[in-house]
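>>> Output the structure for:
(one chain, ligands or ions: 2)
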Amino acid sequence: MSELMVFDEVREAIVMSGGEEIQKCMQCGVCAGSCPWGRMEEKSEFNIRAMFHMGRLGYDGYESDDYLFACTTCNQCAVRCPRGIKIPDVVRAMRSVIAETGGIPKNLKAVLGSINSQGNPWSQERGERTAWMKGVEVPEYTPDKEYLLFVCCTSAYDGRSQKVARSVVELLQAAGVSFGIIGVEEQCCGESVRKIGAEEDFTRLAEYNIGLYNKKGVKKIITTSPHCYYTFKNEYPEFGGEFEVYHYTQLLDELMAHGKLKLSKPVGGKVIYHEPCYLGRHSKAFDAPRNLMSSVPELQLVEFEGNKDNSLCCSGGGARIWMETRAGQRFSDVKIKEAAEKEAQVVATACPYCIVMLEDSLKNLNKDDVMTVRDISEILRESL
Ligand code: SF4
Ligand code: SF4
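Numbering: from 1, shown residues only. Ligands and ions are numbered 1, 2, ... in the order given. Have a look, this model is predicted:
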């Protein structure tokens, strides 16, 4: 086989895996200049422009864990790309070519194994999926309920994140929302599976979930995580799953506007909002979280220098939450340092991955005595 044929085959495999937009790239480098990896204290080798160059020409050299799996799919580069290339989709396609040959990082293989055997990425028992419901009562979803509440795997199993699921439930109940959960029959939405590049596993999950929801009569879904929200809303329609999907902040914002959610107790202090990439830049839901927090009596809301489309990612997306990131290269450290400079007492966010990453940085930087990380739902619940 000639070298040229090998190069063509690699490029064609990327195109066939959904990365056809790589062919529109003009190598201007705006993406690499926008990417947070290039702005960290410790220089990273990862360069998205160079990776596209290698992929387009079918060159080797981008397949290593630290290169191909560096991208957090934060979309910062894509909002600036002059060719409008959906860069995270091309990254996903490049990963899926490598994933087919088994070339994915060891940690991510464990994540996939856990999802395939237990329906969640955290190596937890399938039967424990509803363990988060300590102290709250949530009915089973039946067709007379308006919404299915889908609790992200992280909020279902992680002790810290379970508090977020309970806060969301209490807020929905306070606003009189008709909702229920499916529970142990549920499986992960598959967002990380797709970001890893395991397309077959993602297709199987999406088809299972869509079949389950249709069988149960689900029409509307509320999610606790922006990642599940994005996946149900934007990726399930490819597999025939047509649902009306809300991230909980969007629904609560609507309920508040209609006088159904009332916040009355003061929650004082300076709160800085960290924008989850899949709620903000990917979904453009910029207003709902801010409207909600601005309605809490005595809460002083402040912004990071980079916010909305320019917000800096926490570094947990694109399955990076399961990978090691060296000190000096952690985006969440930069966020905590800026929050401390601005004398914020609380970093508020609305994503389970962001909470994990930001709380790790809080501890690593010894800032946990002056600042806390809270989900918006926890602040709102305190204000009921
Ligand atoms: S910004 Fe867009 S066109 Fe420019 S190098 Fe990056 S992907 Fe290619
Ligand atoms: S999506 Fe984010 S992390 Fe990935 S290349 Fe673009 S800017 Fe960098």
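
>>> Just the terminal-to-terminal distance for stretch 289-303.
Start-to-end span of stretch 289-303 (C-alpha to C-alpha, to the nearest Å) is 12 Å.

>>> ugh, wrong one, stretch 71-86
The first and last residues of stretch 71-86 sit 13 Å apart, counting by C-alpha to C-alpha.

>>> from here on, count from 234
From this message on, residue numbering opens at 234, which makes the last subject stretch 304-319.

>>> Just the buried positions in that stretch, please.
Buried residues in stretch 304-319, defined by neighbour count with 16 or more other C-beta atoms under 10 Å: Cys304, Thr305, Thr306, Cys307, Asn308, Gln309, Cys310, Ala311, Arg313, Cys314, Ile318. From N, CA and C alone the C-beta is placed, and that goes for glycine too.

>>> Include distance to Tyr441, pLDDT and secondary structure when you put these into CSV, please.
Compiled in CSV, the buried residues of stretch 304-319 are given as follows (distance: C-beta to C-beta, whole Å; pLDDT from 0 to 100; DSSP: H, G, I helix; E, B strand; the rest coil):
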residue, distance to Tyr441, pLDDT, secondary structure
Cys304, 27, 97, coil
Thr305, 27, 98, coil
Thr306, 23, 98, coil
Cys307, 28, 98, coil
Asn308, 27, 98, coil
Gln309, 32, 98, coil
Cys310, 33, 98, coil
Ala311, 30, 98, coil
Arg313, 37, 97, coil
Cys314, 34, 98, coil
Ile318, 31, 98, coil
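
>>> and of these, the nearest to ligand 1?
Cys314 (3.3 Å; C-beta to the nearest ligand atom).

>>> Got the phi and psi for the closest one?
Reported as degrees, to the nearest 10, the phi and psi values for Cys314 are phi -60, psi 120.

>>> Check Leu532 too.
Recorded main-chain torsions at Leu532 are phi -80, psi 130, according to degrees, to the nearest 10.

>>> mind checking how far it is from ligand 2?
Distance check for Leu532 against ligand 2: by C-beta to the nearest ligand atom, to the nearest Å, it reads 30 Å.

>>> do Ser528 as well
Spatial separation of Ser528 from ligand 2 under the definition C-beta to the nearest ligand atom is 31 Å.

>>> Double-check that residue against Leu488; I have them as touching.
No. With contact taken as C-beta atoms under 8 Å, Ser528 and Leu488 are classed as non-touching, separated by 11.4 Å.

>>> number of nearby residues for Glu275?
Residues near Glu275, counting by other C-beta atoms under 10 Å, number 10.

>>> Buried residues in stretch 441-457, which are they?
Neighbour-count burial for stretch 441-457, counted by 16+ other C-beta under 10 Å, picks out Asn442, Ile443, Tyr446, Lys449, Val451, Ile454, Ile455, Thr456, Thr457.

>>> Can I get that stretch in CSV, CA atoms only?
Taking Å, rounded to 0.1, in the frame of the first residue of the first chain, the C-alpha atoms of stretch 441-457 are listed here in CSV:
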residue,chain,number,x,y,z
TYR,A,441,-32.0,2.2,24.9
ASN,A,442,-32.9,5.5,26.6
ILE,A,443,-35.1,6.7,23.8
GLY,A,444,-36.9,3.4,23.8
LEU,A,445,-37.4,3.5,27.6
TYR,A,446,-38.7,7.1,27.6
ASN,A,447,-41.1,6.4,24.8
LYS,A,448,-42.4,3.3,26.5
LYS,A,449,-43.0,5.4,29.7
GLY,A,450,-44.7,8.2,27.7
VAL,A,451,-42.1,10.9,28.4
LYS,A,452,-42.5,14.1,26.5
LYS,A,453,-40.6,16.6,28.6
ILE,A,454,-37.3,16.2,30.5
ILE,A,455,-35.6,18.3,33.2
THR,A,456,-31.9,17.7,33.7
THR,A,457,-29.6,18.5,36.6
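
>>> quick one: it to chain centroid distance?
Put simply, stretch 441-457 sits 20 Å off its chain's centre (C-alpha atoms, centre = their mean, to the nearest Å).

>>> For the stretch 334-483 of the chain, give the residue positioned nearest to ligand 1.
Each residue of the stretch 334-483 of the chain has a distance to ligand 1, by C-beta to the nearest ligand atom, and the smallest belongs to Lys428, at 18.1 Å.

>>> List just the nearest of the buried residues of stretch 304-319 to Pro499.
Within the buried residues of stretch 304-319, distances to Pro499 taken as C-beta to C-beta reach their minimum at Cys307, with 34.2 Å.
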